[in-house]
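1. fold the stuff below for me.
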Amino acid sequence: MVELSGKTLGQFFLEQVARRGEQVALREKDFGIWQEVTWSGYRDHVKHFALGLTALGFGRGDQLAIISENCREWLYADLAAICLGGVSVGVYPTSPYPEVHYVVKHSDSRLVVAEDQEQTDKILEVWDDLPLVKKIIVKDMKGLRHYPQDIIISFAAVEEMGRELERERPGWFEQRVAQGKADEVCIMVYTSGTTGKPKGAMINHVNIESMTLGTIEAIGATDQDSVVSYLPLCHVAEKIFSLFLPMYVGYPVNFAESIATIQSDLREIAPSVFLGVPRIWEKLQSAIYINIKDSSRLKRWLFKRCYAVGRRMAGERLEGRQPGLGLRMAYWAAYWLMLRALQNFVGLRKVRFCFSAAAKVSPDVLRFFHDLGIRVKEGYGMTESTGLSFIHMDDDIRMGTVGKPIEGIEFAIAEDGELLKKGAPVFVGYYKNEEATRQAIIDGWLHTGDIAQMDEHGHLSIVDRKKDIIITSGGKNIAPSEIENALKVSPYIKEAIVIGEGRNYIAALIQIDFDNVGKWATDNHIAYTNFKNLSQNQEVSRLVQAGVDRVNEQFARVENVRKFLLLTKELDHDDDELTATMKVRRANIYEKFAGEIEQVYGGGTRPSMNAS
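-> Prediction:
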């Protein structure tokens, strides 16, 4: 049983600084050169920024909003607010200004940290409706010379204010950290808002410590590990690996240049621990397939042979069997001939622990990486339980499941199949929304909204979101995510939305992967001008149909996608079709594409609509 210390995140931070001093805590690339920050330097930045916030009137219980891509300053601001007894509120940097407005105003934030001119503009756009916000603190002041200087101040200037205050009140920061209480709310994470307005989940130090200690035990994290920070830091999953775990075990955090460069960053950093969301694993798999397809005939032949050996080896390992001598020798040859190079290509040759979380992923995608020798595990969690709750531990891996609960989590499955959770990691509640909190936590149990099953090995599998289960006109319950994930295994399908509620068969709205389909079209001498033109091409429709047919073979007849429609636009966060975490807002999709859906079921004619 995990024993809690009752300490705050800030107190753990100062303990790590005292223990590690001049060891590297953070790395970030600047103009192609990796800049390193020691634990002592980390503390100085956090301390000076915290004191600067104090000079600006920020106090215990106040909220600080942060809207920026991942960087050192994100963590400085995050920890500074927490160390002062305040609350850090992350805002997705990809959010359009109405969403930024909602989170900043709803959270009652008094100060906003913005990365640059783009993020500053989002705040200024709605400044008149943010009466509590006193200042915008900007990391990169480029382009802001003619902006209102009375409400904008640079990040560096706030740190300088903090240095001045430290000279006047030495030791005050450390005293403030020591006064922190474990039951104080320290971060607020806004849910993705797939069904309505995002809700602010309040998380305290007890929640964080319990979940973090359970995670350390589950994955064996140590100070010898290293991670790449690339998922948004306002998401609780990234906070686990870039903020919580480093405070407890002391490993360094490396900042990727951007989400677009993650694969090259992975190759350069070679982390020992890596979290990938499903879309990342799908993109890495697609990149391998596309590169192999474009390689020489010899390399394609070699890949086929080596991959077959890797698949046999992975099968033995997953079944817990000891591979025979012949297979071990064949695998050794396959590894040096091809598999090692592929592991290097995705940047995960040195990874000790990697897993997929944040959404349901196709077991076929994960099995592909196992076949390459990269043992990707699957985990499950949610914001309301401070992140991770279930994961595959050690060599106990069961494809299609999310493993077993970490220490500190109790669970039960309700009569209707909904997963219920209880334990110290369960959040305090939703900010300014007592009704939603009462609906989420009933008799001490957190109602997750996910339908779950447990197999004979004690592993949990998530079927789908309770609200997303489709009931056909024949009364058949169908989990759309299983079919959607199977469809997205194809490198040519980026997004799939299965439909069929109250209908007599299942259909799908499909968004092609523009890059991969475009390359396929070029290779096959098919002319196109833009996304819409490409998606309406009959040859592309037949290409997708082949993928749909392969998926249909994996499911029962009633679960087969009988018709599909290729969308003529890419789903977009700005158009309110996706959340900031790239989850589909189904209700909005059903409303926006109501005409297209009726076309599918009404027998309308269109080149990209097909019957299987």
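2. what segments of the stretch 351-500 of the chain are helices?
-> Applying DSSP state H, counting those that start in this stretch to the stretch 351-500 of the chain gives helices spanning 363-371, 434-440, 480-487.
3. now tell me what touches the longest strand belonging to the chain from outside.
-> Once the chain is assigned using DSSP state E, the strand that runs over the most residues is strand 445-454. The list of residues contacting strand 445-454 from outside it, by Cβ atoms under 8 Å, 6 or more residues apart in numbering, reads 382, 384-385, 412-414, 416-422, 426-427, 439-441, 460-467, 469, 479. Bear in mind the C-beta positions are built from the backbone N, C-alpha and C, glycine included.
4. pick the most buried one from the helices of the stretch 351-500 of the chain.
-> Burial among the helices of the stretch 351-500 of the chain, expressed as mean neighbours by mean count of other Cβ atoms under 10 Å, is greatest for helix 480-487, which shows a mean of 22.
5. what does it contact?
-> With contacts defined as Cβ under 8 Å, 6+ apart, helix 480-487 is touched by 278, 360-362, 364-365, 463-465, 468-470, 493, 496-500, 506, 508, 510, 547-548, 551, 554-555, 559, 561.
6. from the residues you listed, which would you call buried?
-> In terms of neighbour count (16 or more other Cβ atoms under 10 Å), the buried residues within these are 278, 360-362, 364-365, 463-465, 468-470, 493, 496-500, 506, 508, 510, 547-548, 551, 559, 561.
7. what's the angle between the lengthiest helix in the chain and helix 363-371?
-> In the chain, ranked by residue count with DSSP state H as the criterion, the top helix is helix 297-318. Angle between the axes of helix 297-318 and helix 363-371 is 100 degrees (criterion: axes from the mean of the first three to the mean of the last three Cα atoms, to 10 degrees).
8. list the buried residues of the helix or strand following helix 297-318.
-> Next along the chain after helix 297-318, taking DSSP states H and E as the criterion, comes helix 325-334. Of the residues in helix 325-334, those with enough neighbours to count as buried (16+ other Cβ under 10 Å) are 327, 330-331, 334.
9. which two of the residues you listed have the greatest separation?
-> The largest separation in the buried residues of helix 325-334, counting by Cβ to Cβ, is between Leu327 and Ala334 at 10.0 Å.
10. surely Glu316 and Gly326 touch.
-> No - contact status for Glu316 versus Gly326: not in contact, 11.6 Å apart, counting by Cβ atoms under 8 Å.
11. ok, back up a step: so which of the buried ones among the contacts of helix 480-487 belong to strands?
-> 463-465, 470, 493, 496-499, 506, 508, 510, 561.
12. and those as a markdown table, adding distance to Arg167 and pLDDT?
-> Converted to a markdown table, those look like this (distance: Cβ to Cβ, whole Å; pLDDT from 0 to 100):
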| residue | distance to Arg167 | pLDDT |
| --- | --- | --- |
| Val463 | 59 | 87 |
| Asp464 | 58 | 84 |
| Arg465 | 54 | 84 |
| Ile470 | 64 | 86 |
| Ile493 | 60 | 93 |
| Ala496 | 60 | 92 |
| Ile497 | 59 | 91 |
| Val498 | 62 | 91 |
| Ile499 | 64 | 90 |
| Ile506 | 68 | 91 |
| Ala508 | 64 | 92 |
| Ile510 | 62 | 93 |
| Val561 | 68 | 93 |
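13. from those residues, which is closest to Glu118?
-> The shortest gap between Glu118 and any of those belongs to Ile497, at 30.0 Å (Cβ to Cβ).
14. report the contact partners of the closest residue in space to that closest one that isn't next to it in sequence.
-> Leaving aside its chain neighbours, Ile497 sits nearest to Leu509 (4.5 Å; criterion: Cβ to Cβ, 6 or more residues apart in numbering). Contacts for Leu509 (Cβ under 8 Å, 6+ apart) come out as 496-497, 499, 564-565, 567, 589, 593, 596-597.
15. ok, and the most crowded of these?
-> Highest neighbour count within the contacts of Leu509: Phe564, with 28 neighbours (other Cβ atoms under 10 Å).
16. quick one: that one and Tyr505 touch, right?
-> No - the criterion here is Cβ under 8 Å, and Phe564 misses it with Tyr505 at 11.5 Å.
17. the bottom helix or strand of the chain by mean pLDDT?
-> Every helix and strand of the chain was ranked by mean pLDDT, DSSP states H and E. The lowest is strand 609-611, at a mean of 44.
18. pLDDT wise, what is Met1 at?
-> Note for Met1: predicted pLDDT of 59.
19. now the residue located most distally from the centre of the chain: phi and psi?
-> No residue in the chain has its C-alpha farther from the mean C-alpha position than Glu168, which lies at 42.2 Å (Cα atoms, centre = their mean). The phi and psi torsions at Glu168 (degrees, to the nearest 10) take the values phi -80, psi -40.
20. and which of the contacts of Leu509 is nearest Leu534?
-> The shortest distance between Leu534 and any of the contacts of Leu509, using Cβ to Cβ, involves Leu567 and amounts to 11.4 Å.
21. wait, isn't that closest one in contact with Gln536?
-> No - contact between Leu567 and Gln536 fails when scored by Cβ under 8 Å: they sit 10.4 Å apart.
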